[in-house]
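Engineer: after the sequence you'll find the predicted model.
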Amino acid sequence: MEYRKLRVIISGGGTGGHIFPAISIANKLKELNPGTEILFVGAEGKMEMEKVPAAGYKIVGLPIVGLQRHLNMRNLCNDVLVPFKWIASLIKAGRVIDSFKPEVAVGVGGYASAPLLRRATARKIPSLIQEQNGFAGLTNKMLGDKVDCICVAYEGMERFFPAEKIVFTGNPIRSEIHPYTEKDRTEAIGFYGLDPAKKHIFIVGGSLGSATLNASMKKWISEGCPGGEGVEVLWQCGRYYKKGIDEFMSGRDVPGVHYTDFIARMDLAYAMADVVVSRSGASSVSEICAAGKAAVFVPSPNVAEDHQTHNAMALVNKDAALLVKDAEAPVKLLSTALALVHDPERTATLEANVRPLARLDAAQAIADEIYKLARQ
C-alpha cells in the first residue's frame, strides 16, 4: 500500500483510555508518511488539551460538556448549559473542518468526537471511529450508523454497530510494550532495585491511582502481609493518594513493598512482574495482553455501562485472566494475587492464553483503514 501524505482530523478524549490510542494512531500515520498533517479536536478543560500538545500535535478545543448523572446544584447548572454548548460545539466543529479540510475524520470516543464526526459525515468526509471497549460508549453508538468504518478490539460488537462496517483491529498501545524475555526481566528487576530470587506483583492504579487497590494494599499491610513470603510488590498508588500513603507507611517496616505515585517505565514494570493487578480499562487490558502477563482485574464500578467488567470478562471467559469485584477487593484481592503468584502452573496457563489475544499491529491496522477511506 502506498502511504501518501494525508490531512487527518482526530477527535475525542476525556480520559487516557481515549487519548493514548488516538496519539498512537497519529504517531503511526506520521511514521508511515512524515508529511501527513494531523489536527486533534478535544473538549475544553479536559486532559487531551494537555496530553496532545505534549505529544507534539496541535489541538483545538470545543466547549462541549456531558450530562452529569448525580444530582446537585453544580451538576444541574452544568446540565442546563449542555444543549447550548452542543450547538456552539457543532458550529465550531464545522468551522474547524472547513478550515483544515481533512481527507479523513477519526473519532476515538469522548464528548468532542460527537459534534466533530456529525459535521464531518454531514459534509461527506470519509469517517472512522475506534471503539476501545467491549461495551460500546454512548458517543460511538450514536455515530455508528453515520461513519464508514468502525474499528473494534472485542468480539461481538455487532450488538452495537452495523456488522458490515466493523473491522477487528485491536487497541493501539505504546510501542514499548511487548512480550518480554528473561533478559528484559533481569534489566527490569535491576532498574527497580528488586530481589531476583523473589516473585513479583505489580499493582497499577493509573496516573491518579485507585482508591480500591490502595485500600486493599493498606488492609493487607496492616494485617502483616499474610502470604507475602518470597514476594515483592511494586505498588503504583497514584499522585492523588501519594500523601495519604506516605502517612500510612510512615514508621512501618515493610521491606517487600515498594510504592510510588508514578511509573516512568511501564515497559520495565510489566517486564519484572510475575502477576499484574490492575483496573480493566481498555488500554490496560490491551497492554497486559501485549506483555503476555497473568493478571487479576478489578473493574471500576464508576464507569459508564460497566464497560470495565465487559473488558475483563472477555479475558476471563478465555481463561486468560482472573477477576475480583471492586466491593470484594479489600478482602479478596491480595490473597487472590498471592495464590496466583505462588502457583507457577496456573500463572503459565493464564500467560499462554492471554498472549494470542494481543494485537501488536493495531495502530498499523487502523492506519490502513484510514488510507482505504482516503482512496474512496
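Structural biologist: Okay, I see it.

Engineer: hey, let's count contacts and neighbours off CA atoms from now on
Structural biologist: Noted.

Engineer: got the contact list for residue 195?
Structural biologist: Taking CA atoms under 8 Å, 6 or more residues apart in numbering, we find residue 195 in contact with 189, 232.

Engineer: any idea how far residue 371 is from it?
Structural biologist: Between residue 195 and residue 371 the distance is 48 Å, computed by CA to CA, to the nearest Å.

Engineer: how about residue 272?
Structural biologist: 38 Å.

Engineer: what about the two, which has more around it?
Structural biologist: Shown here are residue 272 and residue 371; by other CA atoms under 10 Å, residue 272 has more neighbours (28 against 19).

Engineer: can you give me the helices for this structure?
Structural biologist: Shown for the chain, the helices assigned by DSSP state H span residues 16-32, 48-54, 73-100, 113-122, 138-143, 182-192, 211-222, 242-249, 266-272, 282-291, 307-316, 329-341, 344-354, 362-374.

Engineer: the ones you listed: lowest mean pLDDT?
Structural biologist: Mean pLDDT is lowest for helix 73-100 out of those, coming in at a mean of 78.

Engineer: the residue lying closest to residue 228 once chain neighbours are set aside - how many residues pack around it?
Structural biologist: Spatial nearest neighbour of residue 228, excluding adjacent residues (CA to CA, 6 or more residues apart in numbering): residue 338 at 7.0 Å. Residue 338 has 19 neighbouring residues, counting by other CA under 10 Å.

Engineer: residue 338 contacts residue 225, correct?
Structural biologist: No: with contact defined as CA atoms under 8 Å, residue 338 does not reach residue 225; the gap is 10.2 Å.

Engineer: distance of the closest residue to residue 365 other than its chain neighbours relative to residue 147?
Structural biologist: In space, and not counting its chain neighbours, residue 365 is closest to residue 169: 5.7 Å by CA to CA, 6+ apart. Taking CA to CA as the measure, residue 169 falls 16 Å from residue 147.

Engineer: so who does the residue nearest the centre of the chain touch?
Structural biologist: For the chain, the residue lying nearest the average C-alpha position, counting by CA atoms, centre = their mean, turns out to be residue 283 (2.6 Å). Applying CA under 8 Å, 6+ apart, we find residue 283 in contact with 17, 21, 132, 171, 172, 173.

Engineer: repeat that for 7 Å
Structural biologist: Neighbouring residues of residue 283 by CA atoms under 7 Å, 6 or more residues apart in numbering: 17, 171, 173.

Engineer: of these, which is the most crowded?
Structural biologist: Tallying neighbours with other CA under 10 Å puts residue 171 at the head of those, with 32 neighbours.

Engineer: hmm, that one is touching residue 286, no?
Structural biologist: Yes: using CA atoms under 7 Å, residue 171 is in contact with residue 286, at 6.3 Å.

Engineer: touching, residue 367 and residue 31? I think so.
Structural biologist: No: counting by CA under 7 Å, residue 367 stays clear of residue 31, with 10.3 Å between them.
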